[in-house]
Structure formats: structure tokens, C-alpha cells
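Novice: Any chance you could fold what I've pasted below:
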Amino acid sequence: MNTRIHIRPMTGADVESVYRSLDQFEIGKPLDYIARCWEENVSGRRVTLIAEGENRFAGWLHLVFRSDYAYFAERNIPEINNLDVLPPMRRLGIANALMETVERIAFDRFGIVGVGVGLYSDYGSAQRLYAKRGYVPDGRGLMYLGEPAKPGDYVQVGHDLALYLIKERA
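Specialist: Numbers count the residues shown, from 1 in each chain. Presented below is the predicted three-dimensional model:
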């Protein structure tokens, strides 16, 4: 399939259609979260990019200018988060196109960008994508609920267990 990918900034008109599109494929993003993302775009706290393929919503990605992850926040490293591509649109280069665009924004403004990635199989595609794009661990090890996991700790494998990665402008 030859799909033309178009990347653009989110608009207020996208809130409802993004919700419906994600919900259709059981990608759990509450409507109030999507609306909050839009509000943070308006206030300048984040940039949300929308990917369209075949003239319809295909995925999205966010760049948060002040990360909740303390290590990034203290070093003024913006964080990429919430990369979603709809299942029928995967393996068409959409995630790479979103990443290319968001990295350009981050590098122009900060010279660096970070991302946290989950460690179980649901995140396998993201792990591979970030590695192929040149992201490296930030050197702080595994984080659980935003805090370093220490030797001997028991942590729950889930969305709250992550490895944070960084990439600097080449």
C-alpha cells in the first residue's frame, strides 16, 4: 500500500475525532485527556502532532516541554510521549514520520529530547523504534513511578516501569 503521510499540529477540531478514532481500536485515551492535551497546546506547554494517512487520522505524538520526570525537568529536556498509531496504519512509516517532525521541533528549541519507554512486550515496537533512531539510556537505570528502582526492590511490571532515553542533535 502506498500511503501518503501528512503530519500537522493538532487543532481544537481534532479533539472529538481523535477520541473516536482511538476508541474504535480500544486505545484507551479518555476524552478529557485529549481535551487537556489540546489546552496544553494552546497554553504552549506541549505540541501535539497529528498524522493523517489516506486523508484520515492515523496517529499522534506529543512533545511536553516540561517533563514530569524529574531528571528531564531539572535539565530542561523536553519529553516525547504518547505515540499511538492506529493498527491498520502501522508499518507504513507513520511513527517515524511523527518522530522526525517532533525531533526537529525539540532540537531547534532545546538541542536534546527524551522519551520514557515501557519494558514489557506491548512496548517492543517502540523500544526498537527508539533504538533505531539513536536514542540511548539516560544512565539512571529503571524507573518505577518516576523513582529509581534499586537492587532488591520489587516493582510491578506495567506502564509505571520505564527506561528513559535521550537523543541529542547530531
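Novice: going forward, measure contacts between C-alpha atoms and count neighbours the same way
Specialist: OK.
Novice: Just the element for the residue located most distally from the centre of the chain, please.
Specialist: Distance from the centre of the chain peaks at residue 152, with 30.1 Å (C-alpha atoms, centre = their mean). Using DSSP states H and E, residue 152 maps to neither a helix nor a strand.
Novice: Give me the phi and psi angles of residue 20.
Specialist: Main-chain dihedrals, residue 20, degrees, to the nearest 10: phi -60, psi -40.
Novice: List the contacts of it.
Specialist: Under the criterion of C-alpha atoms under 8 Å, 6 or more residues apart in numbering, residue 20 has no neighbours.
Novice: Likewise for residue 10?
Specialist: Going by C-alpha under 8 Å, 6+ apart, the list of residues near residue 10 reads 38, 41, 47, 48, 49, 50.
Novice: Check what contacts stretch 67-81 and list those residues.
Specialist: By C-alpha under 8 Å, 6+ apart, the residues outside stretch 67-81 that reach it are 61-66, 102, 106, 110, 112-116, 146.
Novice: Likewise for stretch 155-170?
Specialist: Contact partners of stretch 155-170, identified using C-alpha under 8 Å, 6+ apart, comprise 107, 111-120, 134-138, 140-146, 149.
Novice: try stretch 105-112
Specialist: Residues from elsewhere that reach stretch 105-112 (C-alpha under 8 Å, 6+ apart): 63, 76, 77, 78, 113, 166, 167, 168, 169.
Novice: Could you export it as PDB, CA atoms only?
Specialist: Once non-C-alpha atoms are left out, stretch 105-112 reads as follows in PDB (Å, rounded to 0.1, in the frame of the first residue of the first chain):
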ATOM      1  CA  ILE A 105      10.900  20.800  16.900                       C
ATOM      2  CA  ALA A 106      12.800  19.600  20.000                       C
ATOM      3  CA  PHE A 107      16.300  20.100  18.500                       C
ATOM      4  CA  ASP A 108      15.500  23.500  17.200                       C
ATOM      5  CA  ARG A 109      14.400  24.700  20.600                       C
ATOM      6  CA  PHE A 110      16.400  22.600  23.100                       C
ATOM      7  CA  GLY A 111      19.100  20.600  21.200                       C
ATOM      8  CA  ILE A 112      18.000  17.400  23.000                       C
END
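Novice: Cool, thanks, talk later.
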